[in-house]
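[1] Got a predicted structure plus its sequence, pasted below:
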Amino acid sequence: MLHLPGQVACYPIVPLDLLGLTVARYLEELQNIAIDLLRKVDLFGTIDQDRPGIRVNGRRVVHIGVAVRERVTCFGFVVNVNPNLGLFHEVNCDGDPVPMTSIQRESPARVRVSGIRQGLLELIAARFGFDRVSIFHNHPSLLPRSTRYVAAPRS
């Protein structure tokens, strides 16, 4: 897996038991959310039967993975909105012989990361019946190492 600017990484933290979901059903819901997201930008996505993800025109645009600990999810999917696709020629994602694509590459219209992120939040909230969702993108562990910890000056 390769994370780059121009992608939307979405790792929902969902209590499967409270929603009455199995892991397989949760994976299916994530796939349907991704397909609905692509439909919002007039793209037709198909479920990749060999590797978790969604394809547009034969190339993967959404990578999906599920991780569950104590019946709570902690992984989800990464949507290629407009990353540098050249880097995917150097990374073999899940053994897929076909390079990944992006929403921007496949769409005739201009696509913004913020619009895709907002659409994704709306779809997740609607699909799982949430009244609200929270976004965390400035978690302390995501800061550069040099700014993560500040040592107290010695006297």
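    Okay, I see it.
[2] Quick one: list the elements packing against the longest strand along the chain.
    Looking across the chain with DSSP state E, the single longest strand is strand 59-64. In terms of contacts (3 or more C-beta pairs under 8 Å, 6 or more residues apart in numbering; DSSP states H and E), strand 59-64 is packed against helix 23-40, strand 53-56, strand 77-80. Every C-beta, even on glycine, is put in place using the N, C-alpha and C of the backbone.
[3] which residues sit in contact with Phe75?
    Contact analysis of Phe75 by C-beta atoms under 8 Å, 6 or more residues apart in numbering lists Tyr11, Gly65, Val66, Ala67.
[4] In CSV: these, plus distance to Ala126, pLDDT and neighbour count.
    Below are the contacts of Phe75 laid out as CSV (distance: C-beta to C-beta, whole Å; pLDDT from 0 to 100; neighbours: other C-beta atoms under 10 Å):
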residue, distance to Ala126, pLDDT, neighbour count
Tyr11, 19, 89, 14
Gly65, 22, 88, 16
Val66, 20, 89, 16
Ala67, 23, 90, 11
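[5] so which of the helices and strands packed on strand 59-64 gets nearest Ala125?
    helix 23-40 (10.3 Å; C-beta to C-beta).
[6] who does the closest one touch, helix- and strand-wise?
    Other helices and strands packing on helix 23-40, by 3+ C-beta pairs under 8 Å, 6+ apart, are strand 46-47, strand 53-56, strand 59-64, strand 77-80, helix 113-128.
[7] got these as a markdown table, with mean neighbour count and distance to Thr101 columns?
    What follows is the helices and strands packed on helix 23-40, written out as a markdown table (neighbours: other C-beta atoms under 10 Å; distance: least, C-beta to C-beta, whole Å):
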| stretch | mean neighbour count | distance to Thr101 |
| --- | --- | --- |
| strand 46-47 | 14 | 13 |
| strand 53-56 | 23 | 6 |
| strand 59-64 | 24 | 4 |
| strand 77-80 | 25 | 7 |
| helix 113-128 | 16 | 14 |
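[8] Pipe those into CSV and attach distance to Met100 per row.
    Formatted as CSV, these follow (distance: least, C-beta to C-beta, whole Å):
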stretch, distance to Met100
strand 46-47, 15
strand 53-56, 9
strand 59-64, 5
strand 77-80, 6
helix 113-128, 15
